[in-house]
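[1] Here is my input; please provide its structure:
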Amino acid sequence: MLHCSGRIILHSMDLINYTTKDDPCDMVPNIYRCFVLRLLYNAGLWITNSTAVSLVIERWLATRRSTTYEEESVLLGIFLATLQFVIAAIPLLVLYSKLEFDGEPMYYCVTAQATLPFVGQMSAVVGFTFQISARLTFHYLYRQNKHNRESNIHHSTLSNRYQLEQNMRYYC
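    This is a model prediction of the structure:
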């Protein structure tokens, strides 16, 4: 939604400017327009990438504390949501740290900087790493939950059995 809303607003403004201005060549985008467009796009991208980290931590805790997980504090969820936004904010701060708002026309919206030419590729590599790591961790946690369920089926409480079943269902 974050990604699409920025594009919808800015491209709608382009259409309005195109139909209302006398000379369509006067509507060359400036740095502010590009900043808003790219910030919303990159924020959505990094929030999506950082979701894997929070999910892995939450599922790991659910596996480790399967007997008491239902009594966990709501602060855990708030902490994980905050962690997700912090992880997403770090690359955005790097990406936009040296951006200058000098108002020059930009014929193509680019956030890459000459001093940091590989920041664009960084998002793909880090996102790929997050997703592969999450997949491997989820596979490990699935096997761990399956082992816990099979070895404790007669000795665990109904609540614990339910938690183990939910953990296993989540990974499939």
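[2] Can you point out the buried residues in the helix or strand hosting residue 56?
    Using DSSP states H and E, residue 56 sits in helix 31-64. Using 16 or more other CB atoms under 10 Å as the test for burial, helix 31-64 gives 31, 33-35, 37-59, 62-63. From N, CA and C alone the C-beta is placed, and that goes for glycine too.
[3] could you pull out the strands for this protein?
    Under the criterion DSSP state E, the chain contains no strands.
[4] so where's it shaky on pLDDT?
    2-3, 24, 26-30, 101, 103-117, 119-120, 152-156, 158-172 (pLDDT under 70).
[5] quick one, helices of it?
    For the chain, the helices defined by DSSP state H cover 2-20, 31-64, 75-96, 119-151, 158-171.
[6] Report the angle between the second one and helix 119-151.
    Pointing back at helix 31-64 there. 20 degrees (axes from the mean of the first three to the mean of the last three CA atoms, to 10 degrees).
[7] circling back to that earlier point, can you tell me which of the helices of the chain is nearest to residue 102?
    helix 31-64 (6.6 Å; CB to CB).
[8] Next, the angle from the closest one to helix 2-20.
    Going by the same axes, to 10 degrees, helix 31-64 is angled at 160 degrees with respect to helix 2-20.
[9] just checking, what packs against helix 31-64?
    Applying 3 or more CB pairs under 8 Å, 6 or more residues apart in numbering; DSSP states H and E, one finds that helix 31-64 contacts helix 2-20, helix 75-96, helix 119-151, helix 158-171.
[10] ranking the ones you listed by burial, who's on top?
    Of these, the one with the most neighbours on average (mean count of other CB atoms under 10 Å) is helix 158-171, at a mean of 16.
[11] that older thread, possible to save the helices of the chain as a markdown table with distance to residue 102?
    Below are the helices of the chain laid out as a markdown table (distance: least, CB to CB, whole Å):
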| stretch | distance to residue 102 |
| --- | --- |
| helix 2-20 | 20 |
| helix 31-64 | 7 |
| helix 75-96 | 14 |
| helix 119-151 | 20 |
| helix 158-171 | 49 |
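[12] Can you tell me how far the residue lying farthest from the centre of the chain is from residue 127?
    Residue farthest from the centre of the chain, counting by CA atoms, centre = their mean, is residue 22 at 41.5 Å. As judged by CB to CB, to the nearest Å, residue 22 and residue 127 stand 44 Å apart.
[13] rewinding a little: just how off-centre is the helix holding residue 56 within its chain?
    Taking CA atoms, centre = their mean, to the nearest Å, one finds the center of helix 31-64 at 2 Å from the center of the full chain.
[14] Thank you, goodbye.
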